[in-house]
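In: For reference, the sequence and a predicted model appear below.
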Amino acid sequence: MTRGERRNLRNGLLFIAPWVIGLSAFVACPIAASIWYGLCDYSVLKPAVYVGADNYVELAQDPVFWQSLRNTLYFAALYLPLSTILAIALALLLNTGVRGMAVYRTVFFLPSLTPMIALAILWMWMLNGEYGVVNHFLNPLLAPLGLKAPDWLQTTTWAKPAIVLMSLWGVGHAMVIYLAALQDVPRQLYEAADIDGASWFAKLRHVTVPLISPVIFFNVVMGLIGALQVFALPYVVTGGMGGPARSTTFYAMYLYNNAFKYLRMGYACAMAWILFLIVLGLTLAVMRISRGRVYYAGT
Amino acid sequence: MLERDTQTERNRRFARGNRRSLLIHAVLLVGSFVFLFPLAWMISTSLKPIEQTMIMPPKWIPEPVRFLNYLNAVNYIPFFLYARNTLTICILSTAGMVLGSSLAAYGFARIDWRGRNIVFVIVLATMMIPFPVTMVPLYGIFRWLHWIGTFRPLWVPAWFGNAFNIFLLRQFFMTIPKELSDSARIDGCSEWAIFRRVVLPLSRPALAVVALFHFMYHWNDFMGPLIYLIDQKTFTLSLGLQFYQSQHGGTEWNMLMAASTLVVLPIIALFFLTQKTFIQGITMTGLKG
């Protein structure tokens, strides 16, 4: 190693030193401890006692665990496609060169700034079965069909869709990202497609989607990781209870309750590692599915 | 003859284009209505006397407009104390996040050292880890430090940077021409001086994005304060709102909506003040993350 190389190594390490210290203290050590606690009976108040795979065995037989997992997958399966399609659709509309684009963009984006807690309280009020403004507008529309709007958050069938609906209101964030991606698609490609007589749909399928596919891919992966950890919204809406009848007990909520309500921290760590494996598995699955379908310009 | 044909053809195309843009506007207007409705409803409810909150069909502009709700709302919970707590946490952790992340980002972007790329892969890998995995041991560590119930667990870790922001800033630092560093080095600048006097000043937009988003994150954060804060005097706004609501049993909606409006307002104001940086930031975080 030359003197310059040695100096660079020293300087480089000095610059990243704070991060390395933070990583060890707040990430690496906790990860190691978490693996260990997952194999222990641990309540934070007393030292951990090794119990082998007991936590994992118990989880396999815990009906609430399975229900929270089902609820979470249900949420992700509904929210992810809906939010992706809605965000792209809005971005496409805004990208038509329509006048007042910046104003519309702001309008659609504003709700995503709303703090989760304010959002939850607001929607609880709006979705109230008796006094809620949503049902007030919905009931007259449903009446001719002989239907009645549900008491959203109080029924096991509609509570989860209601939470999806609330979350969709924040889709403006993703929309702005897609819009920026759409604006990067070279004009000439559309002009070339026009000369070939391509229809609107053909252009969407063969030009737009392939060119923004890396952005779609990234957003779907991040959205998936976020959806599997959904916490604040259902926690506030149900006062931490996950009701009615555990229909909104999501994975992260049950995990939180185990750790900090029941002080079963070992059990919570075991749950966290299962979550990690699910996140990893699903992310790899998305990568696999998208392989060859995501187009990277210049690579 | 030919001239007139192209003229009518042009008119027809113009008419078609017009119809299309009308349709787009119609869809977007309906969408805007749906997206703005909840916010409008929140503000409208916040100004109503309690009897009028339940009236259907709804009255959008209450009579009389009751600004008193806002006064009652801020007095019902120690609103300004919670606002100060939230701000303290936001400012301390944002300052730390910008400094910590830019230091590490500089080390990865502007200095060429052996093993750099391998270490950087570790940075990226840490983004994959869900928070619940480290949640319990972190609580244990902070408990051991006697930090539970203080603001420290909420802002101290930020000073060491985080993977996502390091990544973002590294991308930005790499776009700054190497020649600038080289000429500074020839002038006898140390690495630290180059970082402070050359790279940081040139990276203001990226630093602003990191600061803005981190600030927003902490303003809205619910889980962190929920885990680490115990004493009601140390609560943040998001915790305070919830506490307020459960005390009320969800009845006095006008007051709740007034309080919610007050929590949302600073963020919306921040957005309008920094709109350009904001949109830039979202694009940056979403496209290149």
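Out: Arrived safely.

In: Count the neighbours of the closest residue to chain B within chain A for me.
Out: Nearest to chain B, among the residues of chain A, is residue A:22, at 2.2 Å (C-beta to the nearest C-beta). Quick note: C-beta positions are derived from backbone N, CA and C, even for glycine. Residue A:22 has 21 neighbours, counted by other C-beta atoms under 10 Å in any protein chain shown.

In: Same check on the one 10 residues further on?
Out: Residues near residue A:32, counting by other C-beta under 10 Å, number 11.

In: Looks to me like it is in a helix.
Out: Yes. Read with DSSP: H, G, I helix; E, B strand; the rest coil, residue A:32 is one of the residues of a helix.

In: contacting residues for the residue of the stretch 101-250 of chain B at minimum distance from chain A?
Out: Here the residue of the stretch 101-250 of chain B nearest chain A is residue B:160; by C-beta to the nearest C-beta that distance is 2.2 Å. Residue B:160 makes contact with A:18, A:19, A:21, A:22, A:23, A:25, A:26, B:96, B:100, according to C-beta atoms under 8 Å, 6 or more residues apart in numbering or on different chains.

In: which residues of the stretch 51-200 of chain A score low on pLDDT?
Out: For the stretch 51-200 of chain A, not a single residue meets the criterion pLDDT under 70.

In: Give the closest residue to the residue of the stretch 101-250 of chain B closest to chain A in space, chain neighbours not counted.
Out: Leaving aside its sequence neighbours, residue B:160 sits nearest to residue A:22 (C-beta to C-beta, 6 or more residues apart in numbering or on different chains; 2.2 Å).

In: before we move on, which element is that neighbour in?
Out: Using DSSP states H and E, the element containing residue A:22 is helix A:3-23.

In: near chain B, which residues of the stretch 151-299 of chain A?
Out: A:169, A:172-174, A:176-177, A:180-181, A:215, A:218-219, A:222, A:225, A:228-229, A:231-232, A:235-236, A:239, A:252, A:255-256, A:259-260, A:265, A:268-269, A:271-273, A:275-276, A:279-280, A:283 (C-beta under 8 Å from any C-beta of the partner chain).

In: next helix or strand past the helix or strand hosting residue B:141?
Out: According to DSSP H and E, residue B:141 maps onto helix B:131-144. From helix B:131-144 onward toward the C-terminus, using DSSP H and E, the following helix or strand is helix B:152-155.

In: would you put the C-alpha positions of the helix or strand that that following helix is followed by in CSV?
Out: The element immediately downstream of helix B:152-155 (helix or strand, assigned by DSSP H and E) is helix B:163-174. Provided in CSV are the C-alpha atoms of helix B:163-174 (Å, rounded to 0.1, in the frame of the first residue of the first chain):
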residue,chain,number,x,y,z
ALA,B,163,-28.6,3.8,5.6
PHE,B,164,-31.2,5.4,3.4
ASN,B,165,-30.0,8.9,3.8
ILE,B,166,-26.4,7.8,3.5
PHE,B,167,-27.3,6.2,0.2
LEU,B,168,-29.1,9.3,-1.0
LEU,B,169,-26.4,11.7,-0.1
ARG,B,170,-23.7,9.5,-1.6
GLN,B,171,-25.5,9.5,-4.9
PHE,B,172,-25.5,13.3,-4.8
PHE,B,173,-21.9,13.7,-3.6
MET,B,174,-20.8,11.5,-6.5
